[in-house]
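Q: next input, structure requested:
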Amino acid sequence: QVQLVESGGGLVQAGGSLRLSCAGSGRPFSNYALGWFRQAPGKGRELVAAISGSGSIKTYLDSVKGRFTISRDNAKNTLYLQMNSLKPEDTAVFYCAADTSWPRVRSSRVTYWGQGIQVNVSS
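A: Residues are numbered from 1 along each chain as shown. Purely as a prediction, here's the structure:
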């Protein structure tokens, strides 16, 4: 089992940047593929980005490509999401997620979730 705790959210103006972090504890972090999801008010949860256990494979939601970067530091058991050129439509609760399965970490059936952290982008 792995526990996930997000940090780094907050309020930023449009065009600004934030870096989210997700600290993991429990089993070795490298055993897990990791992802960032988000849920905006009144909408479903969607995958923003995912990264394989080694970090060699990454995937992004089309609307964030070129603006967001997912990365991980397995030695520090930490996942990151660097978010640049933020837009008001990026406003959402962001969740860190982990799974031993690459297909599952990219779906709503992912096994482990963080508690979520709010990101607000003002216009």
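Q: how about the secondary structure of the most centrally placed residue in the chain?
A: The centre of the chain sits closest to residue 36, judged by CA atoms, centre = their mean, with a distance of 2.1 Å. Following DSSP: H, G, I helix; E, B strand; the rest coil, residue 36 is assigned to strand.
Q: partner residues bridging it?
A: residue 49, residue 96 (DSSP bridges).
Q: is residue 89 in a helix, a strand, or coil?
A: Secondary structure assignment for residue 89 (three-state DSSP): helix.
Q: what's the distance between it and residue 123?
A: Distance of residue 89 to residue 123, given as CB to CB, to the nearest Å: 10 Å. Quick note: C-beta positions are derived from backbone N, CA and C, even for glycine.
Q: and if you look at residue 76?
A: With CB to CB as the criterion, residue 76 and residue 123 are 35 Å apart.
Q: coming back round to it: need the contact list for the residue nearest to the centre of the chain.
A: Neighbouring residues of residue 36 by CB atoms under 8 Å, 6 or more residues apart in numbering: 20, 22, 47-50, 70, 79, 81, 94-97.
Q: for residue 112, same thing?
A: Contacts for residue 112 were tallied using CB under 8 Å, 6+ apart; they are 1-4, 32, 97-99.
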